[in-house]
Structure formats: structure tokens, C-alpha cells
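In: here's my sequence, what's the structure:
(2 chains)
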There are 2 protein chains.
Amino acid sequence: VKHIQSAQNPQVKQWKKLAMKKERERTGLFLAEGFHLVEEALKDSGTVVELIIADETDIPHRLDYKDTPVTIVTKEIFKSLSETETPQGILAVCKQESVNESLADANTFLLLDAVQDPGNLGTMIRTADAAGIDAVIVGAGSVDIHNPKVLRSAQGSHFHLPVLTGKLDEWIPKLKAKGVPVYGTALENARTYTDAAPGSTFALLVGNEGNGVSKHLLSITDDNLYVPIYGKSESLNVAVAAGILLYSLKNSANV
Amino acid sequence: VKHIQSAQNPQVKQWKKLAMKKERERTGLFLAEGFHLVEEALKDSGTVVELIIADETDIPHRLDYKDTPVTIVTKEIFKSLSETETPQGILAVCKQESVNESLADANTFLLLDAVQDPGNLGTMIRTADAAGIDAVIVGAGSVDIHNPKVLRSAQGSHFHLPVLTGKLDEWIPKLKAKGVPVYGTALENARTYTDAAPGSTFALLVGNEGNGVSKHLLSITDDNLYVPIYGKSESLNVAVAAGILLYSLKNSANV
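Out: From the prediction side, this is the model:
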């Protein structure tokens, strides 16, 4: 166990930089904060590089970190690293999943095009996990998948299934070539979602909060689906729509 | 059209008080902010009492307010009334729906027990609207239905269907007596949601983000449902779960 007392310590400065997307990309690292996220990260073998713990933090017994390097820092230093208003006093420096990680065994996919709200992105990763989806692929124009608010909303699901960034205009043809039916979501020229019964393999493509999925991507899917609006609201929240669609497609696979 | 230049004007002070739940309850009024919410409020006849517009605001033509009293205020006064960082310059003072409003024609209900996050509450009101639900009844321990963040997340659905506060332990027996099957949501002693096929009338009861629906309420429902977790996440976001359940119940009614 190492101790750091000075906010000027170069290690502290390096950790602070991980608040920036650029630095996360350069290093392939990100920070997971709080007992629940760190617990899930520790269960995902090979993910946690080291732990940063604030002085006097009372760590729950369920956290198993005996083989993980630990640095104890002052409460002031911890506060400067934390993204929350009332920090729990624990951060894990985590390795990002490699894009080369094999998705050969994956049968079900959630593809996200230009989702900009971190709460929505995190909630959809959590929902994909709950629905038993095998992988989430996040395309260009989306908020960074390792943004602290995305991690918080996903409640640890980053450590349960592969969450990758990728070019959706390359992934869609690749999935179709593998025999995975790809469903876009659209309000026009689309079929009611309950008509789709793909069986055990499928990909669902969901888009930006205001503009939906880009026209180009919608033109290369197998089929496009919509959730009917029975009342007077103009649309559904994108994360709610994704939940309705994922569970409907998944249930068709379970029948 | 009235003009107010002084922040000390008693009318301005009175409007400012509507930021507080107590004052909203005392007066039966609330504020709806921004072009979209005000547009939806104006379409809901009898709802808008008056409009507050910031000096030099460019109002979209689609807003029809010719019979509504208008007060023009300085940008500084408007800013002091606004709940947003980049105000659009329009606020509507709205009447709350009367609890005595007849729900005699309503067949489908969303009941919410102690939902505390304004984003979740607003998103569920919006989802109920989209799913064609006839009324939302919000029980004790929930965030105020006229909280500005709730209104924003609901995107105008408050003006599309009755959204009322009420005692759920009184509403549930009342609905059952009318022949409306009431479904709670729970993780234990509950049936998979796809087993429920209520037909054209039902009530869905959803609960607090952390603790779910209170035990007492679960004990007086007709049946309790759950959404299966196929992956490793512990649960679904409450608004996502409500969306999956409402659309599933609604689809059973449409078959």
C-alpha cells in the first residue's frame, strides 16, 4: 500500500487527466467510482489496474481486492479526483476493453448511433445487460462510453458485457454477412415492432435523441421498426424505446 | 399586454414563489417553461391563466395565445423566474388539474408509489401518454408532479392526460371494485409480465427506484409482475421497466 499526501504528486496529476476523453483514449484507461461500480469492476477479472482510496474510508467486506495495488490518498486529493458531490472514497483505475476483443460468440447486439445524453447511453447499456444482449457497439457522434455519468447510469454493466466503440456503417454489413438480422428504428417507412420475430440472433440499432438513426444507416439495415404512439406524446424517450424493443425481440427468441 | 420593468414588482415576487411546492399547492398553479411546453399547455383548453414573456423574445407562429393575458418582463426579471440555463423567454402560469376531475371514462391507469427522481417521474408520464394510458395517479413520497424537471422530462404529457396525486391505498381497492385488474411490480412472488393479458382495462403500479413498491400496496393488488433479468445487471431503470410493462399490457388489450 502506497500513501500520497501531496496534491502536486505526478501520479495524482496523471489520474486527474483521466477526466478527459483524450487522455482516456491515449492511455486505454478510465476511472470507475464508488463501492458498487468498483465491486463490479473487481469481479471482471483483469480489468482493475489499481485502486485509489481516500484516507479513513470504510470499505465494505464484499469488495475483494487483495491482489490489487492500492494507493491511499488524503481526502482533499480524493475530492479533486472525484466526480460526485458526496464521494464514497474509492476509485478504480480500469483498463478499457480492447476493440479487438473477439465477438465471435455474440448473437445479439445493441448498436447506438449518436446518442448524446450520458444518462440515456448508460441506461441503454444497463438495459442491454438486463435483456441478456451479448454486446453493445457505440458509433460516432455519441458521448464517450467511459464518461463518469455514463458509467454511473449503467450501474456496472460495462463490466458485464462488451461495450465497444466502432463504425456502424462497417458493423451493419459485417453482421448481416454473418446472418444476424439488423433492425433499425424509425418513425417512417417502418413496421410495428411486434411484427419482428427474429429468433435467437439479432441486432437492434437505436439513434440520436432528437434526430433518430441517420438516414444512411437506416438504408442499409434489413428492416426498420417503430413503437406505436397510442396517445398524444410525440415520441418516447430513447432509452424507454430501446427497452421495449430489446425485450420484445428477446422474447421472440425465447419462444 | 402589460409591461413590468421592476424586479420588486409584487407580481414578480408572486410568480417567483411558484418555484416552491407549498406555494403551488396553496394557489393550485404552476409554471410551464419553454416553447414546446407552453404550446402543449395552450392546446389544453382552460389550462393557461397567463403568459410571461421576456422582452425581445421571438415567439414561434405555431403558438396560439391571442385570448391569453400576456405580461412582458425585462430579460433580467425573466432570468430570475426561469429554471433553465438558456431560457427561451416564455413561461405559462397554468392551473393544476382538479383532483375532483372525473376519471369515470378512464380504463387504463399508471400508479406511481414514491418515485423520487424527477427525470424518472416525467419520463413515466410521457411513456404513459405514448402508450395511450388514460390517467396517471402519483402517490405519497413522490417528487411533486409540477416540479420543473418533471414537467421538462414529460415533454408536455401533463397537458395530454390527467396526472393526479392521490392515496394509492384508497385508489387500488376503488379500481378493483370497478373491475380494473391492478398489477403491482415486484422481484419476488411475482409472475413474468408476459403472462398477464388483462384486455382493455388495467392498472399498473410501479415503485421507488431503490425499494420498489411498498409491501402493503403489493399485498392489496390482484397480481404482481416482474420483468426477467437475463444478464448480470441487478435491475432495470424504473422508467424503462414501466415502458416494457405498459406496452406489454397495452398490446394484450389490442390483440
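In: now the residue in the stretch 1-150 of chain A positioned nearest to chain B: how far from A:Gln5?
Out: Per CB to the nearest CB, A:Gly132 is where the stretch 1-150 of chain A lies closest to chain B, at 2.8 Å. Yep, even glycine has a C-beta here, placed from its N, CA and C like the rest. From A:Gly132 over to A:Gln5 the distance is 47 Å, taken as CB to CB, to the nearest Å.
In: show me which of those two is the more surrounded one.
Out: Legend: neighbour count by other CB atoms under 10 Å in any protein chain shown for A:Gly132 and A:Gln5, higher for A:Gly132 (20 against 12).
In: got a list of what that one touches?
Out: Contact analysis of A:Gly132 by CB atoms under 8 Å, 6 or more residues apart in numbering or on different chains lists A:108, A:250, B:230-231.
In: the same query, at a cut-off of 10 Å, please.
Out: Going by CB atoms under 10 Å, 6 or more residues apart in numbering or on different chains, A:Gly132 touches A:107-108, A:161, A:246-247, A:250, A:253-254, B:228-233.
In: now list the buried members of the residues you listed.
Out: Buried subset of the contacts of A:Gly132 (neighbour count, 16 or more other CB atoms under 10 Å in any protein chain shown): A:107-108, A:161, A:246-247, A:250, A:253, B:230-233.
In: check these for the minimum pLDDT and say which it is.
Out: Lowest-confidence member of these: A:Ala253, scoring 73 (pLDDT).
In: sec struct for A:Val38, please.
Out: At A:Val38 the chain is in helix, as set by DSSP: H, G, I helix; E, B strand; the rest coil.
In: can you pull out the low-pLDDT segments for the stretch 101-250 of chain A?
Out: A:101-102 (pLDDT under 70).
In: what about the helices in chain A?
Out: A:10-17, A:21-27, A:35-43, A:75-81, A:118-130, A:148-154, A:168-177, A:215-219, A:238-254 (DSSP state H).
In: tell me which of the ones you listed sits most buried.
Out: The highest mean neighbour count among the helices of chain A, using mean count of other CB atoms under 10 Å in any protein chain shown, belongs to helix A:118-130: a mean of 26.
In: anything in that one near chain B?
Out: Yes - contact of helix A:118-130 with chain B (CB under 10 Å from any CB of the partner chain) involves A:119, A:122-130.
In: ok, the contacts of A:Gly132 vs A:Thr201, which is closest?
Out: Nearest to A:Thr201, judged by CB to CB, of those is A:Asn107 at 4.2 Å.
In: count of neighbours near the residue nearest to the closest one when sequence neighbours are not counted?
Out: For A:Asn107, ignoring the flanking residues on the chain, the nearest one in space by CB to CB, 6 or more residues apart in numbering or on different chains is A:Thr201 at 4.2 Å. Neighbours of A:Thr201 under the rule other CB under 10 Å: 16.
In: residue contacts, A:Thr201?
Out: Contact analysis of A:Thr201 by CB under 10 Å, 6+ apart lists A:106-109, A:134, A:175, A:178-181, A:253.
In: with A:Glu188 instead?
Out: Taking CB under 10 Å, 6+ apart, we find A:Glu188 in contact with A:212, A:218, A:224, A:226.
In: please apply the same query to A:Asp67.
Out: A:Asp67 makes contact with A:42, A:48 under the criterion CB under 10 Å, 6+ apart.
In: hmm, A:Thr165 and A:Ser98 touching each other?
Out: No - look at A:Ser98 against A:Thr165 with CB atoms under 10 Å: they stay out of range, at 11.5 Å.
In: which one's more surrounded, these two?
Out: A:Thr165 (19 against 10).
In: contacting residues for that one?
Out: A:Thr165 is in contact with A:25, A:96-97, A:99, A:112, A:136-140, A:142, A:144-146, counting by CB under 10 Å, 6+ apart.
In: swap in 8 Å and give it another go.
Out: A:Thr165 touches A:99, A:137-139, A:142, A:145, counting by CB under 8 Å, 6+ apart.
In: ditto for A:Leu168
Out: By CB under 8 Å, 6+ apart, A:Leu168 lies in contact with A:111, A:113, A:137, A:139-140, A:205, A:217.
In: in strands only, show me the residues you listed.
Out: If you go by DSSP state E, the contacts of A:Leu168 have A:111, A:137, A:205 in strands.
In: out of those, who's the most crowded?
Out: A:Leu205 leads those on contacts (other CB under 10 Å) with 29 neighbours.
In: put the alpha carbons of stretch A:192-205 into CSV.
Out: Extracted C-alpha coordinates of stretch A:192-205, given in CSV (Å, rounded to 0.1, in the frame of the first residue of the first chain):
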residue,chain,number,x,y,z
THR,A,192,-44.6,-2.2,-35.9
TYR,A,193,-42.0,-3.7,-33.6
THR,A,194,-44.3,-6.6,-32.6
ASP,A,195,-44.2,-7.9,-36.2
ALA,A,196,-40.4,-8.7,-35.9
ALA,A,197,-39.7,-12.2,-34.6
PRO,A,198,-36.0,-12.8,-35.3
GLY,A,199,-35.3,-15.8,-33.2
SER,A,200,-32.0,-16.2,-31.4
THR,A,201,-29.8,-13.7,-33.2
PHE,A,202,-30.5,-10.1,-34.0
ALA,A,203,-29.0,-6.5,-33.8
LEU,A,204,-31.1,-3.5,-32.8
LEU,A,205,-30.0,-0.1,-34.0
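In: so which bits of chain A are right by chain B?
Out: Contact residues (CB under 8 Å from any CB of the partner chain) of chain A with chain B: A:119, A:123, A:126-133, A:153, A:155-157, A:160-161, A:194, A:227, A:229-237, A:239-244, A:247, A:250-251.
In: how about 7 Å then?
Out: A:123, A:126-127, A:129-132, A:155, A:157, A:160-161, A:194, A:227, A:229-233, A:236-237, A:239-240, A:243-244, A:247, A:250-251 (CB under 7 Å from any CB of the partner chain).
In: the closest residue in space to A:Lys16 that isn't next to it in sequence: what's it in contact with?
Out: Excluding the flanking residues, the one nearest A:Lys16 by CB to CB, 6+ apart is A:Leu81, at 6.2 Å. Shown in contact with A:Leu81 (CB atoms under 7 Å, 6 or more residues apart in numbering or on different chains): A:15-16, A:52, A:91.
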